[in-house]
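> Just the structure for this:
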Amino acid sequence: QVQLVESGGGLVQAGDSLRLSCVTSGRTFSTYAMGWFRQAPGKEREFVAAINWSGTGTYYEDSVKGRFTISRDNAENTVYLQMDSLKPEDTALYYCAARKQGSVYFSDSYDYWGQGTQVTVSS
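Residues are numbered from 1 along each chain as shown. Down below sits the predicted model:
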């Protein structure tokens, strides 16, 4: 069983930055690929970014490319999402998730999920 706890969300203005963190339990963190998803009110959960187990492969949704950076520290069992140049449309509940296999882009591929951290960007 893997438990994930997100933190770092908050209320910011457009153009500001935030760094989300997701700490995982267990000794097997380095064997999981990790992803970040988000869900805005009234919308479906959508893929934001993902990183493979070693950190050598990263993937991004088109609207966040060049603004968001995903990284991981396997020694600290933590995955990060650095979010720069935030926009009001980035407002959502952000989730981290862990998976062993399957597509990085589809939420059904992920086995474990955190509770989410709220990001609100005002204009």
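> most centrally placed residue in this structure?
Taking CA atoms, centre = their mean, the centroid of the chain lies closest to residue 36, which sits 2.3 Å from it.
> ok, residue 38 - contacts?
45-46, 48, 90, 92-95, 119 (CB atoms under 8 Å, 6 or more residues apart in numbering). Just so you know, the C-beta spots here come from the backbone N, C-alpha and C atoms, and that holds for glycine as well.
> Closest one of those residues to residue 21?
residue 94 (10.8 Å; CB to CB).
> List the strands paired with the helix or strand where the closest one lies, with their directions.
Using DSSP states H and E, residue 94 falls within strand 92-99. Counting by DSSP bridges, the strands paired with strand 92-99 are strand 33-39 (antiparallel), strand 112-113 (antiparallel), strand 117-122 (antiparallel).
> how about the nearest residue to residue 30, chain neighbours excluded?
Spatial nearest neighbour of residue 30, excluding adjacent residues (CB to CB, 6 or more residues apart in numbering): residue 74 at 4.1 Å.
> my guess is that neighbour contacts residue 55, does it?
Yes - using CB atoms under 8 Å, residue 74 makes contact with residue 55 at a distance of 7.5 Å.
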